[in-house]
Structure formats: structure tokens, C-alpha cells
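**Student:** got a sequence here, can you model it:
(2 chains)
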Amino acid sequence: MTDSILKIQAVRKTYVSVRTGDTIEALAGIDLEVPAGEFLAVVGPSGCGKSTLLSLVAGFTQPSAGEVLYRGQRVTGAGPERGVMFQDYALFPWRTVLGNIEFGPLARGVALTQRHARARELIRLVGLDGFENRYPHELSGGMRQRCALARMLANDPEIWLMDEPLAAVDQQTRTILQDELLRLWGDAARRPGAPTVIFVTHAIDEAVLLADRVVVLARRPGRIKAVIDIPLPRPRPAQRGSPQFAALVAQVWDLIRDEAAKAIVEEIDR
Amino acid sequence: MSRRRSKILVVSALAVLLLAWEGAVVLTGAQASWPFPSGIIRSGFAITADGTLLVALAGSLQRVITGFLVGALVGIPTGIAMGLLPWVNLAMRPVTESLRSIAPIAWIPLAILWLGVQGNAALFVVAYAAVFPFILNAAQAARAVDRNHLRAARALGAGPGLILRAVVVPSTLPTIFTAARIALAIAWSSIIAAELALGVKIESGGRSVAGLGQLMVATLYVKRDVNALVFGMLVIGLVSFLIDAVLRRLRDTLLPWARR
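**Tutor:** Numbers count the residues shown, from 1 in each chain, chains lettered A, B, ... in the order given. Okay, here's the model as predicted:
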């Protein structure tokens, strides 16, 4: 087995609710190793701590106990080798498409001509040609999503941390973007040094379609309920609708159905 | 009602009102202490033609703009620091809260004592009036910076300096423009009040330091021209309107992404 790029060891995360003052256990005892180059999906009902897990790996927050090790080093903060894509995209509204995409290279001190060249290359890659000078509010949901993806890619991160990046677009756009994401990651031909992906989603079919492994989280407290290998052949887009694909989706769904039902009831209680 | 007919109605109502006003003042022979439309126009032409109005307007505007800029230069960094750093907020809050409850024009006697009547006293009052809208709005905007924007910048490799420059400051700019509009409106009304209070000691050393407020005082007590006084009032309102229009235009030009 290849070396793990990421090791999550006995990680717990608790926080105090601002509203009630109660201590909430978001994650309890998470152990997970992610080999370099793997596409890992994380699914689970709302409130299972999926986003918290991603924040810990990104270095936005620190675990209450346990360790997150990235290439053997304890994660203490954010870094450009770990790219993040947010559910709401978090594009800078005051920067144009080009300005957003070149932000990472700018932050790393890349010279103007080089970072513009890199940004234009990515703009072509994600299909935003002609929109370089538009502001985010002038773009459609799918275009913003592409812009956020290109911004993350501009730093050539080793690991892509993606927090429900396709949740806010319609079904057709979503299907197209899933295919593009796979293409950018290297679905057809896995190259050496290919990026590692941690992809948080609530859509089980999406997790099965994209990932090598699917981590199923349980809630209250958030913990790993199962890790399921997805042995479907790549490239994956052709697998949509295959019997094995449907069987795997059903298998994951069986694991989280009860949890999801509980989540709905508690959602009402709150 | 058609647009043309409603326009005719508005214009004729206004004309009737002005005629009635004119008639009432002229027929009762009260022109000495009551302004009337034709008199306002005549006096307005007179003080515009001989340059006194323009000189006074330029003096007031110059001090308003200088005071406004001082207020912005002091207020914006102070506000952003208060918004970002809890300890600065704790230290500064009692000072800003207590000072801002004191009306700017209440400082006029002290300002005159310290700075004299030459115009710097009015400048001080204007800067004082302008600084608080900047502090309060900048602090509030700096606290409200989107957490994900900060996280995104950090994940892209940005350090504190770049985050301040490229995330915090642009996030606060729309609110700061709102603050600028409030500050200029307050500054403009404060300068008139300050100049009225400073009064007629204007032509000191042959060099005019007069503003619109002083011109109004002089008009009333020296020239006894109520019509020119009212014309001054109209100019004050017009300038206030124009300043706000310029700021709104500036905001749309400089912050195209914040337009809605």
C-alpha cells in the first residue's frame, strides 16, 4: 500500500453552542488514513460533522483531542498545499474571475505575468473563456463553481478539500460538473503525483460515482460508521446507471437511512 | 392621469404658491423682515455676480473636505482595528462612545479658544463630526467580514498583511462609503453651524476666511438682506444634495461589484 498522505488519529472535536451554552461533541474518535492520490468521499446525514472534519484537515480549526497529520506533520494552520473549495464558493466579490483565480499565486509571491498566464490557462481549462473580467455576481451558479475550482487549482494543491461543492447547482449542471471534476482529477489515466481528494457530500450517488472509498459518518456524536470500497472501473461517468453502481448506492443508503430519519426528526425538534 | 397633465398640475400648484407668497409679502409691506421669491432671485443674482457667494462657498467646502478627509484618515483605521482586535475595541469603546454623544458644535467655544476664529476652529468641528460615522461603520464592517472569505484566503496561502489588504479592506468598503455619506452630511451641517457661531469677524488681516455661515450672519446683521439669507439657505441644501449625488456616483464607479 502507498504511503498515507493524511492520517487522522483519535480525533475528537467538541465545541460550546453559542445558543444553548451546551457542549456539543461534533466528532468523537475519528481514525482515518488517506493514501496519496485517493479520491475519498465522506457522506452522512446533516449534523454528522462532515464539514468539521474538513475544517480540521484544512487547518481552520484544531482538534480537541487527537491529531491530524499531513505528510507526517501535525496540522496547525491552513496552507496552500491543501486547497479548499467551499459549499458557498467563498469567491471574493470584489475581485473579477481572473482576480479570484490568481489570488493563490499572488499570495505565494508569483510574479504578475506568470500568475496571469497560469490563471488564463485555468480559465480555459474550466471553460470560463470570455468571462475573465466579470465579477462573481455576474456569473451563474455553475460558472461560480468553476471559478472556485480554478481558484483552488491555481496553487496546484496536493490535496483537494471539497465541502459539498456541487450542492448549490441544478441537477444537469451538477452532472456536467461531476464529469469535469473527474477529468481534472485524472479519472481516465491516473498519473503519478495525482492529487488526493476529500469530497464531502450528502448525495450518496455522487459519492459512489466519484470516489475510490466512501466514508459513512454517523451523527451525535460524529463517528465513522463504515468505510466502503468502490471497486467500479474508471473512467466513471460510464458507470452511471450500471447495476453495480446501483447496488453500491443501495448499500450506502442502507447504512445511513436510520440516521438520516433521526436527523429529520431532530431537525424539527430544534 | 397622464404624465403631462400631472406635470402641469405640479408646476401650476407651485406657481400659485409662489405668487401667493410674493403677493402676501409685497401687499403687506413686510419686505424688510420677510423674504419673497422675486427678492430672493434678485439678491441671489447680486451675491453671485459680485463673487461673495462663491468665495464663501469655496471656503466652506474647502474646510468640509479637509475635515472630512481628516475624519476618514483617523476614523477608518481606528474602526477597522476596533473591529478586528477585541482589545483595541475594549480600550477604545468607552472613549468613542462618550465623545460621540457630545454634539460637535458643543466644541465650538473650546475650539475657538485653542484654534482661533480663523477657520481652523470650524475645521476641527467638522473633523470631529466626521470621525465617528467612520469609526462606528468601519468597526461594524470589519467584524462582519465573511468567515469563509478569511478561510479561503488563508487556504490560498495569504498572510495577515494580504488578508488585511485584499480581504478585510475591500469587504468593508461598501459600508465605509455609506459612512462617508453620513459623515459628509453631518460635516456639512456642522460647518454651517460652526460658521454661524463664529460669526462676523471675518475679514481678519484682509484675507477672507469666511464661509457660507459667516456670509449669512453678515447678510442678516450687516446688510439686513433676508432675501440673500434665504438664498444662502437654498445653496446649502443644494450643495448637500450634490455632495451626496457625487458620493453615490463615486461608489458605483469605484465599487462596481457592490452595485445592486
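**Student:** which helix or strand contains the most centrally placed residue in chain B?
**Tutor:** Within chain B, one residue has its C-alpha closest to the average C-alpha position: by Cα atoms, centre = their mean, that is B:Trp188, at 2.7 Å. Secondary structure here is read from DSSP states H and E; on that basis B:Trp188 sits in helix B:169-198.
**Student:** spell out which residues of the stretch 101-250 of chain B are next to chain A.
**Tutor:** Counting by Cβ under 8 Å from any Cβ of the partner chain, the residues of the stretch 101-250 of chain B lying close to chain A are B:146, B:148-149, B:151-159, B:162, B:166-167, B:170-171, B:173. Heads up, the C-betas are built off the backbone N, CA and C, glycines and all.
**Student:** picking up where we left off before, quick one, what contacts the residue nearest to the centre of chain B?
**Tutor:** By Cβ atoms under 8 Å, 6 or more residues apart in numbering or on different chains, the contact set of B:Trp188 is B:Val64, B:Ile236, B:Val239, B:Ser240, B:Ile243.
**Student:** the last one: neighbour count?
**Tutor:** Meaning B:Ile243. In terms of burial, B:Ile243 registers 20 neighbours under the definition other Cβ atoms under 10 Å in any protein chain shown.
**Student:** and if you look at the second one?
**Tutor:** Neighbourhood size, B:Ile236 [other Cβ under 10 Å]: 19.
**Student:** could you pull out the helices for chain B?
**Tutor:** Taking DSSP state H as the criterion, chain B carries its helices at B:3-28, B:37-49, B:52-84, B:86-100, B:108-115, B:120-143, B:147-155, B:160-163, B:169-198, B:212-221, B:226-254.
**Student:** tell me which of those helices sits most buried.
**Tutor:** For the helices of chain B, the stretch with the most neighbours on average is helix B:120-143, a mean of 24; neighbours defined as mean count of other Cβ atoms under 10 Å in any protein chain shown.
**Student:** where does the stretch 51-200 of chain A have low pLDDT?
**Tutor:** Per-residue confidence for the stretch 51-200 of chain A (pLDDT under 70) gives no ranges below the cut-off.
**Student:** pull up the residues of it that are close to chain B.
**Tutor:** Within the stretch 51-200 of chain A, the positions adjacent to chain B are A:58-60, A:77-80, A:82-84, A:86, A:88, A:90, A:92-95, A:103-104, A:106-108, A:135-137, A:151, A:155, A:161 by Cβ under 8 Å from any Cβ.
**Student:** nearest to chain B: which residue in the stretch 151-270 of chain A?
**Tutor:** The stretch 151-270 of chain A approaches chain B most closely through A:Asn155 (6.3 Å), counting by Cβ to the nearest Cβ.
**Student:** now A:Leu32, what's its secondary structure?
**Tutor:** Look at A:Leu32: counting by DSSP: H, G, I helix; E, B strand; the rest coil, its state is strand.
**Student:** list phi and psi for the residue nearest to it when sequence neighbours are not counted.
**Tutor:** Excluding the flanking residues, the one nearest A:Leu32 by Cβ to Cβ, 6 or more residues apart in numbering or on different chains is A:Ile8, at 4.3 Å. When read as degrees, to the nearest 10, the backbone of A:Ile8 gives phi -110, psi 120.
**Student:** in helices, which of the residues of the stretch 51-200 of chain A next to chain B appear?
**Tutor:** Cross-referencing these with the helices (criterion: DSSP H) gives A:Ala58, A:Phe103, A:Gly104, A:Leu106, A:Ala107, A:Arg151 as the overlap.
**Student:** what segments of chain A are strands?
**Tutor:** Counting by DSSP state E, chain A has strands at residues A:4-16, A:23-35, A:39-43, A:65-70, A:73-74, A:82-85, A:159-163, A:196-200, A:213-218, A:223-229.
**Student:** run a quick neighbour tally on A:Gly193.
**Tutor:** Neighbour count for A:Gly193, taken as other Cβ under 10 Å: 9.
**Student:** now it: phi and psi?
**Tutor:** Dihedral angles (degrees, to the nearest 10) for A:Gly193: phi 80, psi 10.
**Student:** how much space between it and B:Ala166?
**Tutor:** Taken as Cβ to Cβ, to the nearest Å, the spacing of A:Gly193 relative to B:Ala166 amounts to 30 Å.
**Student:** and what of A:Leu54?
**Tutor:** 24 Å.
**Student:** again with B:Ser101
**Tutor:** When distances are taken as Cβ to Cβ, B:Ser101 and B:Ala166 turn out to be 36 Å apart.
**Student:** these two: who's more crowded?
**Tutor:** Neighbour totals were compared for B:Ser101 and B:Ala166, and B:Ala166 leads with 20 against 8 (other Cβ under 10 Å).
**Student:** surely the more buried one touches A:Asn100?
**Tutor:** No: contact status for B:Ala166 versus A:Asn100: not in contact, 10.8 Å apart, counting by Cβ atoms under 8 Å.
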